[in-house]
Each structure stands twice: as structure tokens, then as C-alpha cells.
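Q: here you go, sequence then predicted model.
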Amino acid sequence: MTTQPFRFAACAEMLWRDRPIDWRAARLKEMGFGVGLWNWPDHDLAKLEAVGADYTIMNGYLRGRLADDEGADMLLASARETAQVGKRLGVDRLNLHGTGLGEGGIPIRQQEVVTGPMWLKARDTLHRICDMAEAEGVTFCLENLNPLDHPGCPFGSTADVLALVSSVDRPQLRINLDLYHTQIGEGDLIRWCEKCLPWIGEVQVADNPGRCEPGTGEINYAAVARALRDMGYAGPVAMEAYAAGDPVAALEAFRGAFTV
């Protein structure tokens with residue numbers, strides 16, 4: 001007997017790209033998917049609010065960095081502002097990276113070498129984020145990023161994200177485990193799922209190469225889905241991917257891969 005043990009979601013930014021974002025959110029809601037968003041200033045919040053979708057994740061900041069004083073202050077101010085938007089839309093999780101990303105996902109300030117003091121500062125910054133999140137009643141996630149698409153992003157690897165989130169170890173901070181990025185950066189997806197399991201807030205997927213829906217590349221997502229189920233994960237799994245063809249067919253392929 002097959003079941004759907006996960007909450008399914010999809011990134012609205014990457015599907016039906018010729019349609020308004022509120023139309024995309026409404027279509028995903030109609031199909032039974034939660035909705036992922038990127039940067040909120042790009043959108044009409046009133047229209048998104050009117051859709052009433054389950055907004056599972058959204059970029060949780062617009063500027064800032066984890067590992068230096070100026071960047072940390074910028075990040076906290078930006079995350080505090082974004083938390084208000086997140087509460088307005090009912091967003092489940094607000095996403096963070098090691099540093100702000102610019103055009104094409106390239107880090108605004110690339111950092112090839114991360115020092116010990118930078119690690120300590122990043123952990124301190126994340127504690128400050130958690131203090132704010134606790135007061136605001138929101139949850140943040142730290143996402144891993146691969147080094148090919150996002151060169152020079154500090155704390156971008158799956159190992160670095162796990163090390164930071166587990167060292168902070170507070171319920172206001174979870175891991176956004178993006179398995180597309182893990183596949184490019186490290187591979188060994190199922191064991192990374194096991195290691196990250198206590199801190200996972202959301203799992204994101206796309207196949208590789210191409211960053212399209214499951215079944216278009218090299219990743220055996222049916223095996224990953226069975227492993228996640230067997231290890232007791234029952235949280236959201238989101239397709240953050242482009243459609244190789246028809247978006248509806250892509251979404252159904254995704255749903256099928258994670259129906260186990």
C-alpha cells in the first residue's frame with residue numbers, strides 16, 4: 001500500500017513563469033501543494049494574502065551576513081522586517097544563507113576561507129536571530145548551497161549548515177536541507193538526511209543535472225523518499241525546481257516520486 005507521508009510544496013517562482021505569482025500560488029493550492037516564495041518585495045502581498053495558500057517557506061532576509069559585525073546587524077534588521085511579512089502571510093519558515101545573494105545567486109561578498117572567529121560570530125548571529133524569532137513567534141531555516149551555482153558562499157555546505165544549526169540547537173532555527181545542492185556539493189543524500197534529521201525544517205528537491213523535477217536526472221528520489229519515511233521524517237518536502245515540460249506533469253512526477 002502506498003501513502004503520502006510528507007507535506008508536499010513547490011516553489012511558485014520556478015513554475016508557470018509567464019503567469020502572475022498569485023495565479024501560481026492559487027494553482028498550487030488547487031493541486032494540494034504548499035507554496036514556496038523567494039523575495040517578498042517582488043510581489044503584491046495583498047494578492048498573495050488573498051489566495052490563502054499554505055506558504056511553507058520564504059526568503060527570510062533581504063541583506064546581511066552571518067560572520068561579521070556589520071553584516072550581522074544588517075541581517076538581523078532585515079530578518080526582523082521580513083518576519084512581519086512572514087506573519088502576515090502565515091509563512092511556516094523563513095530562509096537564511098551564510099551571506100546575501102545577488103544576481104544569479106552569486107554571493108554579494110564571496111568568502112573562500114572561513115576562519116575560526118567567523119564560525120563563532122556566525123553562531124552568535126544565529127542566536128540573535130533565534131532570540132528575535134522567539135519574540136516574534138516565527139521560525140528560521142539555514143539552507144545549504146552548492147559551490148558551483150553559489151561560489152564563495154560561506155557556510156554553504158551541508159556539513160557547515162548542520163554544524164551551525166546543531167551547535168545553536170534551538171527550535172527557532174532549523175535546516176532547509178536542499179538535496180539538489182547536497183547532490184552537487186557532497187552526494188550521499190540518504191546519510192546526510194539521517195545526520196540532519198533532528199534539525200530538518202524542510203527538505204527541498206530538484207533533479208541533477210538541469211534542476212528540474214524528479215525523474216529527469218541522476219537522483220533516485222524514490223529511494224530517498226523511502227529512506228526519509230523509514231527514518232520517521234514526516235515534514236514538508238518541496239520541489240524547488242523548474243519544469244522540464246508541462247508544470248502540472250512535473251508536479252505530478254514529484255508527487256509520485258514521494259508517494260511511497
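A: Okay, I see it.

Q: you'd agree residue 176 is in a strand?
A: Yes: following the definition DSSP: H, G, I helix; E, B strand; the rest coil, residue 176 is counted among the residues of a strand.

Q: that one: neighbouring residues, count only.
A: A count of nearby residues for residue 176, using other CB atoms under 10 Å, gives 28. C-beta coordinates here come from the backbone N, C-alpha and C atoms, glycine included.

Q: show me what counts as buried in stretch 140-158.
A: 140-146, 149-150, 152-158 (16 or more other CB atoms under 10 Å).

Q: which of those residues sits closest to residue 55?
A: Nearest to residue 55 out of the buried residues of stretch 140-158 is residue 141 (CB to CB; 13.5 Å).

Q: tell me what the helix or strand hosting the closest one is packed against?
A: For residue 141, the enclosing helix or strand under DSSP states H and E is strand 140-143. The helices and strands touching strand 140-143, judged by 3 or more CB pairs under 8 Å, 6 or more residues apart in numbering; DSSP states H and E, are strand 93-96, helix 116-136, helix 158-168, strand 173-178, strand 200-205.

Q: not counting its neighbours along the chain, what's nearest residue 20?
A: Nearest residue to residue 20, sequence neighbours excluded (CB to CB, 6 or more residues apart in numbering): residue 47, at 7.6 Å.

Q: what of residue 8?
A: Spatially, and ignoring its direct neighbours in sequence, residue 8 is nearest to residue 33 (5.2 Å; CB to CB, 6+ apart).

Q: residues contacting the one you found?
A: With CB atoms under 8 Å, 6 or more residues apart in numbering as the criterion, the residues that contact residue 33 are 8, 9, 10, 251.

Q: may I have the beta-bridge partners of the second one?
A: Beta-bridge pairing of residue 9 under DSSP bridges involves residue 34, residue 238.

Q: ok, now how distant is it from residue 205?
A: As defined by CB to CB, to the nearest Å, residue 9 lies at a distance of 10 Å from residue 205.

Q: shared neighbours of these two, anything?
A: For the pair residue 9 and residue 205, residues contacting each of them under the criterion CB under 8 Å, 6+ apart are 237, 238, 239.

Q: for the residue nearest to residue 20, grab phi and psi.
A: With angles defined as degrees, to the nearest 10, residue 47 shows backbone torsions of phi -70, psi -40.

Q: doesn't residue 26 make contact with it?
A: No: when contacts are counted by CB atoms under 8 Å, residue 47 is not listed as touching residue 26 (9.5 Å).

Q: look at the two and report which has more neighbours.
A: Residue environment comparison for residue 47 versus residue 26 gives the larger neighbour count to residue 26, 20 against 14, counting by other CB under 10 Å.

Q: give the buried residues for the helix or strand containing the more buried one.
A: With elements delineated by DSSP H and E, residue 26 resides in helix 21-30, which encompasses its position. By neighbour count with 16+ other CB under 10 Å, helix 21-30 contains the buried residues 21, 22, 24, 25, 26, 27, 28, 29.

Q: what's the offset of that helix from the middle of its chain?
A: In this view, helix 21-30 has its centroid 19 Å away from the chain centroid, taken as CA atoms, centre = their mean, to the nearest Å.

Q: can I get it in CSV, CA atoms only?
A: Output for helix 21-30, consisting of C-alpha atoms alone and laid out as CSV, is shown next (Å, rounded to 0.1, in the frame of the first residue of the first chain):
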residue,chain,number,x,y,z
ILE,A,21,2.7,35.0,-8.8
ASP,A,22,-0.8,35.0,-7.1
TRP,A,23,-2.1,32.9,-10.0
ARG,A,24,0.7,30.4,-9.5
ALA,A,25,0.0,30.3,-5.7
ALA,A,26,-3.6,29.7,-6.3
ARG,A,27,-2.9,26.9,-8.8
LEU,A,28,-0.6,25.2,-6.4
LYS,A,29,-3.2,25.4,-3.7
GLU,A,30,-5.8,23.9,-6.0
